[in-house]
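> Give me a model of this one.
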Amino acid sequence: MDQQIPDRYAHNPMLAVVENFILDALGLLPPDKAALLNDIVCRTFGGNDWRAAIRRQFDLPDDTDDTLRRLWKQRTEQADAEQTELTPETFARQLADQLFDDGASPGA
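Numbers count the residues shown, from 1 in each chain. Coordinates of the predicted model:
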């Protein structure tokens with residue numbers, strides 16, 4: 001049976017939003033997807049900038065995007081050194097899981 005929403009997101013739709021926030025910080029989120037997220041997130045949490053709304057909701061510092069980019073660089077260099085593959089999507093999932101598992105900010 002085909003599912004439109006994987007169980008991962010059915011149980012916690014904010015995972016998808018956070019993953020896309022991370023991809024956006026890396027410059028890898030398509031503009032049309034960012035526009036859709038802006039509409040959804042701002043209707044849900046208020047404001048006019050979905051990224052700012054996510055930072056508020058998770059009490060993330062203003063420099064979170066820079067932190068995510070540094071962490072992405074470190075982890076891709078580590079994956080290269082270990083000769084393993086790390087996709088941006090996998091990286092985003094791992095950090096979103098970390099955020100929801102222990103409440104820590106990404107990169108902590």
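> least trustworthy helix or strand in the chain by mean pLDDT?
For the chain, counting by mean pLDDT, DSSP states H and E, helix 7-11 ranks last in confidence among helices and strands (a mean of 84).
> what's downstream of that one, the next helix or strand?
helix 14-25 (DSSP states H and E).
> ok, back up a step: the least confident helix or strand of the chain packs against which elements?
helix 14-25 (3 or more C-beta pairs under 8 Å, 6 or more residues apart in numbering; DSSP states H and E). (Each C-beta comes from the backbone N, C-alpha and C, glycine too.)
> okay, the angle between the helix or strand just after the helix it packs on and helix 14-25?
As assigned by DSSP H and E, the chain's next helix or strand after helix 14-25 is helix 31-45. Angle of helix 31-45 versus helix 14-25, following axes from the mean of the first three to the mean of the last three C-alpha atoms, to 10 degrees, is 130 degrees.
> And the contacts of helix 31-45?
Applying C-beta atoms under 8 Å, 6 or more residues apart in numbering, the contact partners of helix 31-45 are 17, 20, 24, 29, 48, 49, 50, 53, 54, 56, 57.
> From those, list just the buried residues.
The neighbour-count test (16 or more other C-beta atoms under 10 Å) marks 17, 20, 24, 29, 50, 53, 54 as buried among those.
> what about residue 55, which SS state?
Following DSSP: H, G, I helix; E, B strand; the rest coil, we place residue 55 in the helix state.
> Return the distance of it relative to residue 65.
9 Å (C-beta to C-beta, to the nearest Å).
> and residue 31, how many neighbours?
Neighbour count for residue 31, taken as other C-beta atoms under 10 Å: 8.
> Distance check, it against residue 38.
Between residue 31 and residue 38 the computed distance is 10 Å (C-beta to C-beta).
> can I assume residue 18 is in contact with residue 54?
Yes: counting by C-beta atoms under 8 Å, residue 18 does reach residue 54; the two are 7.0 Å apart.
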